[in-house]
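> Have a look at this prediction, sequence included:
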2 protein chains.
Amino acid sequence: MSKASVSKPGARLRERGPAPVFAALGDRTRLRLLARLSDGQARSISALSSDTSLTRQAVTKHLHVLEEAGLVSSLRIGRESRFTYQPEPIAEARSYLDEVSAQWDDALARLRALVEDD
Amino acid sequence: MSKASVSKPGARLRERGPAPVFAALGDRTRLRLLARLSDGQARSISALSSDTSLTRQAVTKHLHVLEEAGLVSSLRIGRESRFTYQPEPIAEARSYLDEVSAQWDDALARLRALVEDD
DNA sequence: TTTTTACGCAACCAAACGGTTGCTAGTTGG
DNA sequence: CCAACTAGCAACCGTTTGGTTGCGTAAAAA
């Protein structure tokens, strides 16, 4: 048969700020894994390890880092554990960068307003 | 008088992908520094160290990490070196996240199209 | 001119990271 | 039942990271 045990339900240790998410994104390998998973398809560890030069264990560690940051979730099905992309943290990271950009744009606008003070 | 020596002109070691930028953003302290600088005002190291519990040296290191990622630039003026926010890498990071989100959205749309195949 | 002020550099340290190897154990297909 | 597949766990290793302290020095203020 096929027993299925959940490992990460959903929103767990959120709101420690966006830094952990950025940290998880700060690695080439992790970015590639996330890019492959961002098509919504759940994939097993060995499937994700197949096209890499790294060891399965290395990939496993990276996947757990992504999971810890909430960027993916894992579900054990039978003998394999499948990882699924989770969009929320990316959305949060995006809006954080938007805020920073917005503050910068505002500052620029104010500066221009001062210069063009005719 | 006031001798001024440049330390980071502009686009230097760009295009190693977005990972280094995310890595630089993956730290609370660095995010705070960047947030303070994102108003466009150039600030000295001691000014940026004043409202922190960290050592000036620690702040200095963080600033250099940000500089290495292109997120800030530094200019030595007299006895102090001022750091300035640089918007380009943030813009790049933003558009990268946009791409990931877009791929996810597309996948979702295709899925819905399959389900609602009346 | 003396004294602050603001930095830079170097050494050092514990902890985290990225990665590997070896071994064990549950699943599944033949 | 047995062999092959998939994964988890633990130990180990070199390097990076985040932080400190101490010291030397250029620039500005008194």
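Noted; the coordinates are in hand.
> Every contact and neighbour count from this point should use C-alpha atoms.
Noted.
> Report the distance from whichever strand or helix holds A:Lys61 to the chain centre.
Using DSSP states H and E, A:Lys61 falls within helix A:56-68. Mean-position distance between helix A:56-68 and its chain equals 12 Å (C-alpha atoms, centre = their mean, to the nearest Å).
> got the buried residues for it?
Neighbour-count burial for helix A:56-68 flags A:56, A:59, A:62-68 (criterion: 16 or more other C-alpha atoms under 10 Å in any protein chain shown).
> Is it positioned near chain B?
No - taking C-alpha under 8 Å from any C-alpha of the partner chain as the criterion, helix A:56-68 and chain B are apart, separated by no less than 13.0 Å.
> Strand partners (parallel or antiparallel) of the helix or strand that that helix is followed by?
Next helix or strand after helix A:56-68 toward the C-terminus (DSSP H and E): strand A:72-77. Strand pairing for strand A:72-77, determined by DSSP bridges: strand A:4-6 (antiparallel), strand A:80-85 (antiparallel).
> Show me what from chain A comes close to DNA strand D.
A:44-47, A:57, A:60, A:76, A:79-82 (C-alpha under 7 Å from any atom of the strand).
> Quick check on these: which are buried?
A:44-46, A:76, A:81-82.
> Could you identify the pair within those that is furthest apart?
A:Ser46 and A:Arg76 (13.1 Å; C-alpha to C-alpha).
> one step back: nearest to B:Leu25, out of the residues of chain A next to DNA strand D: which one, please.
Nearest member of these to B:Leu25, counting by C-alpha to C-alpha, is A:Thr60, at 23.7 Å.
> My read is that the closest one contacts A:Ala47, right?
No - with contact defined as C-alpha atoms under 8 Å, A:Thr60 and A:Ala47 do not form a contacting pair (11.3 Å).
> A:Leu25 and DNA strand D: what is the separation?
13 Å (C-alpha to the nearest atom of the strand, to the nearest Å).
> Correction: the previous question concerned A:Arg36.
Between A:Arg36 and DNA strand D the distance is 15 Å, computed by C-alpha to the nearest atom of the strand.
> what's around A:Phe83, how many residues?
24 (other C-alpha atoms under 10 Å in any protein chain shown).
> Spatially, what comes nearest to it if we skip its sequence neighbours?
Of all residues beyond its chain neighbours, the one nearest A:Phe83 is A:Ser74 (4.4 Å), with distances taken as C-alpha to C-alpha, 6 or more residues apart in numbering or on different chains.
> I'd like to know how far that neighbour sits from DNA strand C.
Distance from A:Ser74 to DNA strand C, by C-alpha to the nearest atom of the strand: 15 Å.
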